[in-house]
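> next input, structure requested:
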Amino acid sequence: MFASLSRAARRRLLALSAALLAVCAVLVWWLVPFGPPVPSGSVTFSTGVPTGVYQKYGGLLKQALAEDLPEVSIELTDSEGSQQNLARVATGEADFTVATADAVAQYQRERKPGFERLRGCARLYDDYVQLVVRKDSKVRTVRDLRGLRVGVGQDGSGVRLIADRVLAAAGLTPVRDVEAISAGINTMPGHLESGDLDAFFWSGGLPTQAVQDLSERLEIRLIPMDATLVDRLHDVGDSTRHYRSALIPADAYTKAQDGRPVETLAVANLLVTTAEADPDLVEGFTRTVIRSRDVIGGQVHPAQLVDLRTAVYTEPLPLHEGARRYYRSVKP
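You can find the predicted model right below:
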């Protein structure tokens, strides 16, 4: 039949067929999704105390996620720190959080509710333990805190966990040998300034703005914690092996260090979720964390230290499958 048509008719029929095929292709492209599914819905991100690094990092990450995952609504919630963050995610109160590796190991060791559900997305930056006193204080070592009023972080914080361990490693019993004051980084600098505290512990990225601001108002010092103290911490058990000896660089707090580095200990922060989290969502979260490093790092210096080469190492947590998918996609 086609052969019996005139040449002009055949050309018109071919043109019509091509047009119909083009329309069908557009309809298929419009109706059938290609590429990975676009994550959507609402998630809760548990951050930290006001003026702390977790909270500021969470706020900036939320802005980056709004651009990369526009169909996902992010709600930020304040918290006391790592220990409370883990409990929230493990029990379904939050979907993502940041917590230190030592707090994760402790949560697992104590087999707290939902511990087996926790998964890692990325190793972020290190927290540095900072023991702050007035510059004219007689305190020179952790042992010198005996009998003094010491800020040790809030009950649900990673600071509290580390402070208790550091005091014990120095031969002090927190409930007996010091007056342990439960407070966060949002209030401890003010208490030191007013004389209500003799010292306070903080564990956070460098520099922490609250400590930086305090050094601008008050002459302060950082108390060193040497490798011997770290060795004693490691002797406590498996959950303390995530601490390592480190140096607070001389320029971290210029007015507090007299141009000298300070010995201390450090521990890695992890981006945490659960095994049930949507792999596409986790992949998108992880991608944004890595891609936004420099932008966020312009305001939160520790974020500059997020490194694609080490982000995959989320020990003691297994890596979430969505995060694994992302790292495979960017593997050289």
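> quick one: Arg123 from Ala210, how far?
Arg123 sits 24 Å away from Ala210, taking Cβ to Cβ, to the nearest Å as the criterion. All C-beta spots, glycine's among them, are computed from the backbone N, C-alpha and C.
> nearest the geometric middle of this structure, what residue?
Val98 (3.5 Å; Cα atoms, centre = their mean).
> who does it bridge with?
Leu271 (DSSP bridges).
> so what's it up against?
Counting by Cβ atoms under 8 Å, 6 or more residues apart in numbering, Val98 touches 47-48, 54, 57-58, 82, 85, 124, 269-272.
> by neighbours, which of these wins?
Within the contacts of Val98, Ser82 tops the neighbour count with 35 neighbours, counted by other Cβ atoms under 10 Å.
> nearest residue to that residue other than its sequence neighbours?
Gly158 (3.3 Å; Cβ to Cβ, 6 or more residues apart in numbering).
> just Leu167 next, same as before
That would be Pro174: by Cβ to Cβ, 6+ apart, it lies 5.0 Å from Leu167.
> what is the neighbour count of the one you found?
Pro174: 18 neighbours (other Cβ under 10 Å).
> next: Lys62.
16.
> so where does it fall, helix or strand?
Secondary structure from DSSP states H and E places Lys62 in helix 53-68.
> now do the lengthiest strand in the chain, average pLDDT.
Using DSSP state E to assign secondary structure, the strand with the most residues in the chain is strand 118-134. Across strand 118-134, pLDDT averages out at 97.
> in it, what counts as buried?
Within strand 118-134, the residues scored as buried using 16 or more other Cβ atoms under 10 Å are 118-134.
> may I have it exported as CSV, CA atoms only?
Written as CSV, here are the backbone C-alpha positions of strand 118-134 (Å, rounded to 0.1, in the frame of the first residue of the first chain):
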residue,chain,number,x,y,z
LEU,A,118,22.8,3.3,64.0
ARG,A,119,24.7,3.7,60.8
GLY,A,120,27.4,6.2,59.7
CYS,A,121,27.2,8.5,56.7
ALA,A,122,30.6,10.3,56.9
ARG,A,123,33.5,11.0,59.2
LEU,A,124,33.5,14.8,59.5
TYR,A,125,36.0,16.8,61.5
ASP,A,126,37.8,16.2,64.8
ASP,A,127,36.8,17.7,68.2
TYR,A,128,39.6,18.9,70.4
VAL,A,129,39.3,18.8,74.2
GLN,A,130,39.8,22.2,75.6
LEU,A,131,40.2,22.9,79.3
VAL,A,132,39.9,26.6,79.9
VAL,A,133,40.9,28.6,83.0
ARG,A,134,41.7,32.3,83.8
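> report the distance from that strand to the chain centre.
Centre-to-centre, strand 118-134 and its host chain are 8 Å apart (Cα atoms, centre = their mean, to the nearest Å).
> with stretch 254-265 instead?
24 Å.
> stretch 127-135 too?
20 Å.
> so what's the residue count around Arg260?
11.
> which phi and psi does it have?
In this entry, Arg260 is assigned phi and psi values of phi -120, psi 140 (degrees, to the nearest 10).
> so what's it closest to, chain neighbours aside?
Ala250 (5.5 Å).
> do Glu263 as well
Counting by Cβ to Cβ, 6+ apart, Glu263 lies nearest to Pro224, which is 4.3 Å off, once chain neighbours are set aside.
> quick one: the one you found and Arg109, what's the gap?
29 Å.
> who has more neighbours, these two?
Under the criterion of other Cβ under 10 Å, the comparison of Pro224 against Arg109 puts Pro224 first, with 17 against 13.
> over to the more buried one. Which of the three states is it?
Using DSSP: H, G, I helix; E, B strand; the rest coil, the structure places Pro224 in coil.
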